[in-house]
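**Q** after the sequence you'll find the predicted model.
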Amino acid sequence: MEDRLQKILSAAGLCSRRQAEVYIQQGRVTVNGRPAALGDKADPQKDTIALDGKPAVQPATRTVLMLYKPRGVVTTLSDERGRPTVADLVGEAAGRVWPVGRLDMDSEGLLLLTNDGALTHALLHPRHAVEKEYLVWVTGYRPGAEQALVRPMTLDGQPLCPAKVRLLGQGEGKARLSVVIHEGKNRQIRRMCAQCGLTVVRLKRIREGGLALDRALRPGQWRPLTETEQKQLVRETFLQE
């Protein structure tokens, strides 16, 4: 599946999209041995994409980790403000990996990290609509408020795909919800809840596609995915081995 080169390079954890544009303009990016130009597209599953002559995607050995990201940790490999990062949690023992998508600093739960650019690209591509399920604790709840979350909504002027919402428990002005989305807009669930008069006090991602957060993991702990789990991700994203 073709996509813009700067998006592919960013998904591979090599640089930001803006920096990728600079690399392309500098002639440092090639596709199948030929210098790339801004606006070019490629298929990371079929094309050989290189930065400074080195393959940018599809490592020889795929590594995928499941991390229970705790609150207070940023989903980046480094932070100019000195805040703890997911890279600090996995350390060098995991090799060179990067996070697949984001989980904001105030949220916790399942976060995948990998060294495979093609898998990253496939998991994040809207076409595959990989579901993400969250447990959401809210205040300001009133009976039936959860129904507002499944109605048509917009963020930043863009319509959202309908969410799936279940009420798991409620108390006086409080509730616990299951919310399933397959988009990844910045702080999407928190902003959706705010539009409905709800305040999120805790948010935990518990599932991505068919992969559930391992209940044996404590916040800050991680483990490699099993071969079966990796194959499941490949099936769900239609990734070609």
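**A** The structure has been received and is ready for your questions.
**Q** all contacts plus neighbour counts: C-alpha atoms, from now on.
**A** Fine.
**Q** which residue sits farthest out from the middle of the protein?
**A** Relative to the centre of the chain, the most outlying C-alpha is that of residue 172, 33.5 Å out, by Cα atoms, centre = their mean.
**Q** quick check: that one vs residue 165, distance?
**A** 20 Å (Cα to Cα, to the nearest Å).
**Q** shaky segments in the protein?
**A** 1, 13, 45, 57-60, 93-95, 238-241 (pLDDT under 70).
**Q** what residue spans form the domains of it?
**A** Using automatic domain parsing, the domain ranges for the chain come out as 3-55, 64-127+210-237, 131-208.
**Q** summarise which helices and strands the longest strand seen in the chain is packed against.
**A** Selection of the longest strand in the chain by residue count, based on DSSP state E, yields strand 199-208. Judged by 3 or more Cα pairs under 8 Å, 6 or more residues apart in numbering; DSSP states H and E, strand 199-208 is in contact with strand 108-114, strand 132-139, helix 188-195.
**Q** how about exporting the last one as PDB, limited to the C-alpha atoms?
**A** Okay, so that is helix 188-195. Output of helix 188-195 as PDB, limited to C-alpha atoms (Å, rounded to 0.1, in the frame of the first residue of the first chain):
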ATOM      1  CA  GLN A 188      -9.400  12.100  21.300                       C
ATOM      2  CA  ILE A 189     -11.400  10.400  24.000                       C
ATOM      3  CA  ARG A 190     -10.800  13.200  26.600                       C
ATOM      4  CA  ARG A 191     -12.000  15.700  24.100                       C
ATOM      5  CA  MET A 192     -15.000  13.600  23.100                       C
ATOM      6  CA  CYS A 193     -16.000  13.300  26.700                       C
ATOM      7  CA  ALA A 194     -15.500  17.000  27.300                       C
ATOM      8  CA  GLN A 195     -18.000  17.700  24.500                       C
END
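**Q** now it and strand 199-208, what's the angle there?
**A** Relative orientation of helix 188-195 versus strand 199-208 (axes from the mean of the first three to the mean of the last three Cα atoms, to 10 degrees): 150 degrees.
**Q** now the second one
**A** Direction vectors for strand 132-139 and strand 199-208, defined by the same axes, to 10 degrees, enclose an angle of 160 degrees.
**Q** which parts of strand 132-139 are buried?
**A** 132, 133, 134, 135, 136, 137, 138, 139 (16 or more other Cα atoms under 10 Å).
**Q** what's the neighbour count on residue 237?
**A** 20 (other Cα atoms under 10 Å).
**Q** surely it and residue 124 touch.
**A** No: counting by Cα atoms under 8 Å, residue 124 is not a contact partner of residue 237; they are 9.2 Å apart.
**Q** which neighbours do those two share?
**A** Residues touching both residue 237 and residue 124 (Cα atoms under 8 Å, 6 or more residues apart in numbering) are residue 130.
**Q** about what we covered before: relative to the following helix or strand past the longest strand of the chain, what are the paired strands and their orientations?
**A** Going down the chain from strand 199-208, the next helix or strand is strand 211-212, by DSSP states H and E. Sheet pairing for strand 211-212, assigned by DSSP bridges, gives strand 199-208 (antiparallel).
**Q** list the contacts of residue 153.
**A** The neighbourhood of residue 153, defined by Cα under 8 Å, 6+ apart, consists of 159, 160, 162, 192.
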